[in-house]
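Participant: Just a sequence and a predicted model for now, questions to come.
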Amino acid sequence: MLGFAALIVGLHGVLRTRSGRLRTLDDVAALAGLVGAAAFVWVILGDLFPRLADAVDTPGVVLFGGPALFELGLLVLLYRAAATRLLPVWAPVLVLLGFVAIAVNLDLLPVGAALVLSGLLPLRAQGVKRGPRLYRKR
């Protein structure tokens with residue numbers, strides 16, 4: 001999850017734009033993704049350590065809303081990266097399909113993970129290091 005949080009921060013940095021609306025969208029998506037990742041960590045720790053889960057009651061909002069916020073925030077940032085041609089159009093689609101596969105049945109976790117990985121591989125292959133040319137300082 002910490003790797004995904006780093007990915008969200010990195011995508012947010014790459015997607016800098018002068019447009020106020022898009023900047024707000026990127027900020028909200030990054031915030032949602034990071035809050036969702038933190039909630040996901042809470043849920044994972046509760047699953048791994050039953051004594052922690054017994055000691056601290058996990059609210060339903062964290063159980064269900066956290067993962068949804070994480071997925072939504074990451075998908076919005078990936079879509080924005082595809083819209084600015086930093087990623088191929090199919091990359092966010094594969095990540096979405098991976099998330100859906102995992103949500104449908106946890107037995108599909110390996111398939112979903114492979115789809116998510118396939119959708120994120122272009123980030124590594126293209127070596128995305130900078131944002132669109134609109135924002136570069138002169």
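Facilitator: Structure received. Numbering: from 1, shown residues only.

Participant: residues contacting L72?
Facilitator: The contact partners of L72, taken as Cβ atoms under 8 Å, 6 or more residues apart in numbering, are 29, 32-33, 36. From N, CA and C alone the C-beta is placed, and that goes for glycine too.

Participant: per-residue pLDDT, it?
Facilitator: With respect to pLDDT, L72 scores 93.

Participant: tell me the secondary structure for it?
Facilitator: Here L72 takes the helix state, with states given by DSSP: H, G, I helix; E, B strand; the rest coil.

Participant: Please give the centre-to-centre distance between the biggest helix by length in the chain and its chain.
Facilitator: In the chain, with assignment by DSSP state H, the single longest helix is helix 20-48. Centroid separation between helix 20-48 and its chain, computed with Cα atoms, centre = their mean, to the nearest Å, is 7 Å.

Participant: for the helix or strand following that helix, which positions count as buried?
Facilitator: Next in sequence after helix 20-48, counting helices and strands by DSSP states H and E, comes helix 50-55. Residues of helix 50-55 classed as buried by neighbour count (16 or more other Cβ atoms under 10 Å): none.

Participant: now do stretch 56-76
Facilitator: Applying a neighbour-count criterion of 16+ other Cβ under 10 Å, one finds 58, 62, 66-67, 69-76 buried in stretch 56-76.

Participant: circling back: in TSV, list the contacts of L72 along with neighbour count, pLDDT and distance to V14.
Facilitator: Converted to TSV, these look like this (neighbours: other Cβ atoms under 10 Å; pLDDT from 0 to 100; distance: Cβ to Cβ, whole Å):
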residue	neighbour count	pLDDT	distance to V14
A29	24	92	13
A32	21	93	17
G33	26	92	14
G36	25	90	20
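
Participant: Need the residues you listed in a markdown table (columns: distance to P88).
Facilitator: Output for the contacts of L72, formatted as a markdown table (distance: Cβ to Cβ, whole Å):
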| residue | distance to P88 |
| --- | --- |
| A29 | 19 |
| A32 | 24 |
| G33 | 21 |
| G36 | 24 |
